[in-house]
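Enquirer: Give me coordinates for this.
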Amino acid sequence: MADTDLANPAGRRHAFEGFKVGRPGTVHCVSGTLAPEMDQQAIALIRGMAMDAPLHAKSGHQGTAMALAPLAHVLYSRVMRHDPCNPHWPDRDRFILSNGHASILQYSLLFLAGYGLELEDLKQFRQWESATPGHPEVGHTAGVEVTTGPLGQGFANAVGMALAERHLRGTFGDDVMNHNTFVIAGDGCFMEGVSHEAASLAGHQRLGNLICIYDDNHITIDGDTALAYSDDVGKRFEAYGWHVEHLGEIADDCDALEAALHAAVAITDRPTLLILRSHIAAPSPDLTDHHEAHGNPFTAEQVTRTKAVMGIPDEPFWAPGEIVETYRTHCATRGATASDEWQDRFDASKVDRAKWDACWAGGGIDAWEATLPTFEHGEKIATRVAIEKAFNATLDGVPGLVAGAADLTGNTGTKLAGQVANTPTSPQGRQLYYGVREHAMGAAMVGMALHGGVLPAGGTFFVFLDYMRPAVRLAALSHAKVLFVFTHDSVGVGEDGPTHQPVEQLATLRAIPDLQVIRPADANETVEAWKAAVAHNGPTALVLSRQAIPVCTDGSAVAAGAGIVVDSAKPQVVLIGTGSEVAVCVDAAAQLATAGIAARVVSMPSWDRFAAQSSAAQAKVFPEGVPTLSVEAATTFGWARWADESVGIDRFGASAPGNVVLEKLGINVANVVARATALAGKKK
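Expert: Sure, this is the predicted structure:
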């Protein structure tokens, strides 16, 4: 498959290569929908796949997929605007399966609709390197919009997608951006705390382009939800400001489902929750409404009995060619009409193409870096202040930037100068206020990034990473272009004490694969870190200081992940610093020089960027045979990879002025000089 060129509108048409389905043929339909007998055959096929794939894999969840087969069929064949032959056209409706354990439901629809999945892919369900993994993964399977794993994350992603669509509509006009986000969520999603945060945010923002269908099946793995759950979900969402409809027992009624969905689309002043009473594993004669149908595959005998009730052949992966071809032609024809009409509108629009392309690329307009500030050596400035200066200097050059924070906008450098708040009445606003909702903020930003057209940046104190870690991890897994701004990065936070001093957080971020982590030494490295984040095709975590720190670098270390700040002809020891500790290393090197010990100072803002360098490039920074001492106001865990010894903080902090805590815990020049002197002496 070829990658979709989102920055080039002309390149979006038929962007996926290698698909087996085109647009020829005649659709057997009535009033734009499939014939009733075809509806029932398609639903039976989906339910059959929902049983056969987990049975074949000896793993998977079929019950929810069986119950929701009619709903998913109606969404894909009657309601959503989507084009299987052009999966990434910008104004398509977005679909998210928040209860992603029911992934076989989505895969069955992607197979039927013609997104490139074939029977062999369904037979490889949950197998190594298959296109049908256990939970949907964006970028791995065409037609999957987000990676839904932990329950509730997909729901919160959907809120972000709705925010992104509304922002783009306000920015570019509803002739080129005007679609909805549909999300299916279950009891587990709404038990998880992230759903509370995200639903509250969506209701406050009055996201009329967001429709959630709540699969109210009363079942969890342990048993009936009554074991631990008695919320009135409808009243809860009404309190959040959502429109709520109790659909009742219509899970098998395609026409009623379609009517309810179209009615929800017509409500544009607030998000809609459709509460659908479904029956897990229906129409199984053995396990309908039984919790055993949730996490365990049916036995072969149970599948046989269910297929007999459904009236389809008792054969694995039953998929008559006529049904599949008719369904694919129907979806392709509907999709072609919608996407081609959008393309015509876009071509006729007066949209600023350079701005549009930069937004969809998550990048900058040509030469955007020229407006970035530089800082003089010796100037003292907190890196959280420097990132705000970098953001504001490039507002025009990086038009997709939308920034905000979890009630810490001014504290985290995410306040955009002269920008209005993003609200229902000013959707074009680039300043987002998330409230005290780190969990929802992280997941919503992932949704915004995966929607496209927006480069989201969100700030909070570094210690609160724990409240949004699932979203950070999924951003990395999804390669979502998100900028996580973490400030107050060390015990320099001071008087707030150990509860707010994130000594262990940096090591945990560095452990996440595919997450770019940058802790800049000063304002110049912060500017370079912003450039690196814009250029990076994935998420970036910036780790920034609360306290003012002296400018001591030219910023060049960011590009390679590490670079020499102070050097000598024949160094006897290398001091490796990150963040605010680089300045400590610079002062320590000066004292060492007076004692006759030559020291090299290396700023190492990004382990992952440096690890990507060649061995030869790394050896130029850390010469063989010269001992290395790392200096970082955080746990020393992991530094053994780069340093012979470490100055760090392998305990929780304390409540006192920041400079006192740093001094008492050994992050000071005297301690670094003593440790470096001893280390250099060992190598003589």
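
Enquirer: Enumerate every residue touching the residue nearest in space to the middle of the chain.
Expert: Centroid-nearest residue in the chain: V446, 2.8 Å away (criterion: Cα atoms, centre = their mean). Contacts for V446 (Cβ atoms under 8 Å, 6 or more residues apart in numbering) come out as V146, Q153, N157, G160, A471, L474, A475, S478, A480, V482. The C-beta positions use only the backbone N, C-alpha and C, and glycine is treated the same way.

Enquirer: Can you name the two of those residues that sit furthest apart?
Expert: Pairwise distances across those peak at 13.5 Å for Q153 and V482 (criterion: Cβ to Cβ).

Enquirer: Of these two, which one has the most company?
Expert: V482 (32 against 29; other Cβ atoms under 10 Å).

Enquirer: pLDDT score for that one?
Expert: Per-residue confidence (pLDDT) for V482: 98.

Enquirer: quick one: the strands in the stretch 101-250 of the chain?
Expert: 181-186, 210-216, 243-248 (DSSP state E, counting those that start in this stretch).

Enquirer: The last one pairs with which strands, parallel or anti?
Expert: I take that to be strand 243-248. Partners of strand 243-248 in the sheet, by DSSP bridges, are strand 272-277 (parallel).

Enquirer: same check, this time on the first one
Expert: Here the strand partners of strand 181-186, with direction, are listed using DSSP bridges: strand 94-97 (parallel), strand 210-216 (parallel).

Enquirer: what's the closest of those to D608?
Expert: D608 sits nearest to strand 94-97 of all the strands paired with strand 181-186, at 28.9 Å, using Cβ to Cβ.

Enquirer: what does that closest one contact?
Expert: 75-76, 80, 82, 103, 105-106, 136, 145-146, 148, 154-155, 157-158, 161, 165, 179-184, 451.

Enquirer: Out of the contacts of V446, which sit inside helices?
Expert: Q153, N157, G160, A471, L474, A475, S478 (DSSP state H).

Enquirer: From those, pick the one nearest G435.
Expert: Looking across the ones in helices among the contacts of V446 and measuring by Cβ to Cβ, the closest to G435 is G160, at 14.5 Å.

Enquirer: the domain parsing of this protein - what is it?
Expert: 9-345, 368-550, 558-682 (automatic domain parsing).

Enquirer: of these, which approaches G362 most closely?
Expert: When the domains of the chain are compared by Cβ to Cβ, domain 368-550 sits nearest G362, at 4.4 Å.

Enquirer: ok, now which ones touch A57?
Expert: F125, R126, Q127, P297.

Enquirer: Tell me the helix or strand right after the top helix by length along the chain.
Expert: The single longest helix within the chain, with elements called by DSSP H, is helix 321-348. Later in the chain than helix 321-348, the nearest helix or strand by DSSP states H and E is helix 353-361.

Enquirer: Distance-wise, check R437 relative to A158.
Expert: 15 Å (Cβ to Cβ, to the nearest Å).

Enquirer: and V601, bridged to which residues?
Expert: V566, L575.

Enquirer: okay, now it: neighbour count?
Expert: The burial count for V601: 30, using other Cβ under 10 Å.

Enquirer: That one and A562 touch, don't they?
Expert: No. Here V601 lies out of contact with A562, judged by Cβ atoms under 8 Å, at a distance of 11.0 Å.

Enquirer: quick one: contacts for A113?
Expert: A113 neighbours (Cβ under 8 Å, 6+ apart): Y76, S77, H82, P84, G143, Y327, R328, C331.

Enquirer: How many residues are close by the nearest residue to it once chain neighbours are set aside?
Expert: In space, A113 comes closest to C331 once its chain neighbours are excluded; the distance is 4.2 Å by Cβ to Cβ, 6 or more residues apart in numbering. Counted with other Cβ under 10 Å, the neighbours of C331 add up to 26.

Enquirer: same question, V420
Expert: Neighbour number of V420 under other Cβ under 10 Å is 12.

Enquirer: so how far is D644 from it?
Expert: 53 Å.

Enquirer: now do A588
Expert: 16 Å.

Enquirer: sorry, back to before: which of the strands paired with strand 181-186 sits closest to I649?
Expert: strand 94-97 (40.8 Å).

Enquirer: What residues sit buried inside the closest one?
Expert: Within strand 94-97, the residues that qualify as buried are R94, F95, I96, L97, counting by 16 or more other Cβ atoms under 10 Å.

Enquirer: just stretch 532-547 next, same as before
Expert: Quick answer for stretch 532-547 (16+ other Cβ under 10 Å): 532-534, 536, 538-547.

Enquirer: What's the end-to-end length of that stretch?
Expert: 23 Å (Cα to Cα, to the nearest Å).
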